[in-house]
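K.L.:
build me a model:
(one chain, ligands or ions: 2)
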Amino acid sequence: MLCSGLSSTLLLGAAYFLLTSGFSRAQLSLPSNVTAISTGRVITFNVISVLQLSCGSGVMIVQSVLYRCADKEICSRLHDLDVIKKSCDLKEVCEINTNMVRTCDPSVCTYLDITFNCFPAIHSVTCEGSQAKLQCGEGQVIVVYWANYGRRDNTTCPDGNTAQLQNVTCLSPGSPEYVTNRCNWQNSCTVEAKSSVFGDPCVGTYKYLEVVYDCQESEATSSPPPTTVTEAGSSKTCPPGWTWFGGRCFIFNSSMKIWTDAESSCETLGGHLASFHNTAEYTFIRKLIYTAAGSYTAAWVGGNDRETETVWMWSDGSKFNFRNWARGQPDNYGGGEDCMMINFRGQDHVSDAGCQRTYSFVCVRDP
Ligand SMILES: [Ca+2]
Ligand SMILES: [Ca+2]
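P.N.:
Ligands and ions are numbered 1, 2, ... in the order given. This next block holds a predicted model:
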């Protein structure tokens, strides 16, 4: 296809983009508050068969792929941009086999010109069956930007037989949330790169776990984490005032309400009283309260055994697996404590309390 056929090229490219955008464009991105530290550019002749893009320390996001032509015209190929982004985005180093991209016309368009931005982050790769270890320096904590258990090129973790390396669009959409919940705000953490953890997104493919994360000074964790993150297939944002964590949005409300009125308030805002399913979420909720109120104010959350005594549930309908009650709790004191509160007397303390008491509360909703 000649460069003069640019408009039809773009149309074809656009159609291809619509078909594939669910994978490559939306998913492989960083939170909007992470800014590029440098830019890179590789210009090559078509005759070179392999070219390398590198960010040194940091991960790349490919910005443009152009063919520079002898007559100075430029072909912009959305399809090739898509292919290269799919393979390179969020990596520190990326090798492109130029037969991956289709030239406009070798006799006319002789240069391939790729530009990319580099962002401060660490790209960790762990082959299937091994254990990923994320580690930050002393006084630092992990902030997870992106993760995928699957495969998106056929050169990483090449130990499988050839047939097991062919599927390069293998994604498990739950990976970012799982790794975030497990590792965020920790100094180090381990994650098993196994299908028993993530599910098997592509049976018969030899997979690997990629995690893109940054290390931040632990003092910085008192400021809210980024409110915009990218999850499977789309970029999701919390409404103003809400804070994102682990794929959900949270907000603290300081007004004192009985439990059912607090739940109603949260429902009015499109959510429920907050639930938590691991230590990271519980710790985050306490931090959210501290940031908003200036102290660990006692607050209602969504746990309750109002329906059946000792059968605890979350008001948002999620699975109740919480066990880490304060010592001696829940005690259903006086025969009438069916609602869950945290921060009793400002302490790291989860207990049951009478639902007619009034406390501040924390709501949760989907982005
Ligand atoms: Ca009870
Ligand atoms: Ca109690």
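K.L.:
now the helices for this structure?
P.N.:
6-20, 24-27, 78-88, 175-183, 195-198, 259-268, 279-293 (DSSP state H).
K.L.:
right, so of those helices, which gets closest to ligand 1?
P.N.:
For these, the distance to ligand 1 is smallest for helix 259-268, at 11.8 Å, taking CB to the ion. From N, CA and C alone the C-beta is placed, and that goes for glycine too.
K.L.:
on that earlier part again, same list (the helices of the chain) but as CSV, adding distance to ligand 2.
P.N.:
Listed next are these as CSV, based on distance: least, CB to the ion, whole Å:
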stretch, distance to ligand 2
helix 6-20, 54
helix 24-27, 44
helix 78-88, 53
helix 175-183, 28
helix 195-198, 35
helix 259-268, 13
helix 279-293, 18
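K.L.:
indicate which one of these is closest to residue 327.
P.N.:
Distance to residue 327, taken as CB to CB, is lowest for helix 279-293 among the helices of the chain, at 16.3 Å.
K.L.:
export the helices of the chain as TSV, with columns for distance to ligand 1, mean pLDDT and mean neighbour count.
P.N.:
Formatted as TSV, the entries for these read as follows, by distance: least, CB to the ion, whole Å; pLDDT from 0 to 100; neighbours: other CB atoms under 10 Å:
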stretch	distance to ligand 1	mean pLDDT	mean neighbour count
helix 6-20	52	30	14
helix 24-27	43	37	19
helix 78-88	52	80	22
helix 175-183	28	90	23
helix 195-198	34	93	16
helix 259-268	12	96	18
helix 279-293	20	91	18
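K.L.:
ok, which of the ones you listed comes nearest residue 131?
P.N.:
Proximity of these to residue 131 was assessed by CB to CB; the nearest stretch is helix 195-198, lying at 10.3 Å.
K.L.:
show me what that closest one is packed against.
P.N.:
Here helix 195-198 is seen to pack against strand 140-150, helix 175-183 when contacts are counted using 3 or more CB pairs under 8 Å, 6 or more residues apart in numbering; DSSP states H and E.
K.L.:
can we see that at 10 Å?
P.N.:
strand 140-150, helix 175-183, strand 188-192 (3 or more CB pairs under 10 Å, 6 or more residues apart in numbering; DSSP states H and E).
K.L.:
reformat these as JSON lines; add distance to residue 160.
P.N.:
Supplementary listing: the helices and strands packed on helix 195-198 in JSON lines, determined by distance: least, CB to CB, whole Å:
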{"stretch": "strand 140-150", "distance to residue 160": "13"}
{"stretch": "helix 175-183", "distance to residue 160": "19"}
{"stretch": "strand 188-192", "distance to residue 160": "18"}
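K.L.:
so for residue 218, which of the helices of the chain sits nearest?
P.N.:
If you check each of the helices of the chain against residue 218 by CB to CB, helix 279-293 wins as the nearest, at 11.6 Å.
K.L.:
so what does that closest one touch, helix or strand wise?
P.N.:
Under the contact definition 3+ CB pairs under 10 Å, 6+ apart, helix 279-293 sits against helix 175-183, strand 243-245, strand 248-257, strand 299-304, strand 339-342, strand 359-365.
K.L.:
angle of that helix against strand 299-304?
P.N.:
Helix 279-293 runs at 150 degrees relative to strand 299-304, counting by axes from the mean of the first three to the mean of the last three CA atoms, to 10 degrees.
K.L.:
which pLDDT value goes with the residue in the stretch 1-150 of the chain positioned nearest to ligand 2?
P.N.:
The shortest separation between the stretch 1-150 of the chain and ligand 2 is 32.7 Å, found at residue 141 (distances taken as CB to the ion). Residue 141 is assigned a pLDDT of 86 by the prediction.
K.L.:
show me which residues of the stretch 201-350 of the chain are close to ligand 2?
P.N.:
Residues of the stretch 201-350 of the chain that fall close to ligand 2, judged by CB under 5 Å from the ion: 331, 333, 337.
K.L.:
restricted to buried residues, select the residues you listed in ChimeraX.
P.N.:
For the buried members of these, the matching ChimeraX selection, counting by 16 or more other CB atoms under 10 Å, is:
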select :337
